[in-house]
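S.K.: Could you look at this predicted model? Sequence included:
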Amino acid sequence: MSLLRPIAELLREVVGEDRAWLDGIGADTRIDGELLVESHELAAWSLALRRHYGDRVDLVGYVAGLDIDRIIALTMGEVAAHVATAAAGPGS
């Protein structure tokens, strides 16, 4: 998935990890369960994604629409798919 690395890089900048941290991230990496992203980091990542990919990308809004089990299971691949779909716009 072509967006995986760039969105992981934006998350890396938000959480303050070094570049080697990116090597452990794949499409199946869970945002909550493995990366332990806190809510304030998710909000900052959402803003970074919006600045980079446009106003239609709303990760916080996307996550708010998920039930707790889906939030816990949310993966980097799902976030990349959300970004791709949202950035492409309606009807894509």
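M.R.: Nice, I can see it. Nothing here was measured: the structure is a model prediction, and the numbers come from that model. Numbering: from 1, shown residues only.
S.K.: Find the residue at the geometric middle of the protein.
M.R.: Centroid check for the chain by Cα atoms, centre = their mean gives V79 as the closest residue, at 4.3 Å.
S.K.: That residue: which element?
M.R.: Under the criterion of DSSP states H and E, V79 resides in helix 76-88.
S.K.: Distance-wise, check the residue nearest to the centre of the chain relative to L3.
M.R.: Distance from V79 to L3, counting by Cβ to Cβ, to the nearest Å: 9 Å. Backbone N, C-alpha and C define where each C-beta goes, glycine included.
S.K.: Can you list the buried residues in the lengthiest helix in the chain?
M.R.: Counting residues, the longest helix in the chain under DSSP state H turns out to be helix 39-53. Burial within helix 39-53, assessed by neighbour count using 16 or more other Cβ atoms under 10 Å, is assigned to 41-42, 44-50, 53.
S.K.: Show me what that helix is in contact with.
M.R.: With Cβ atoms under 8 Å, 6 or more residues apart in numbering as the test, helix 39-53 has contacts from 6-7, 10-11, 13-15, 31, 37, 57-60, 63, 83, 86-87.
S.K.: Would you check how far apart D32 and R51 are?
M.R.: According to Cβ to Cβ, D32 and R51 sit 23 Å apart.
S.K.: G16 too?
M.R.: Taken as Cβ to Cβ, the span from G16 to R51 is 18 Å.
S.K.: re the thing from before, give me the contact list for the helix holding V79.
M.R.: If you take Cβ under 8 Å, 6+ apart as the criterion, helix 76-88 is touched by 1, 3-4, 7-8, 25-29, 31, 49, 53-54, 56-59, 62, 92.
S.K.: Fine by me, we can end here.
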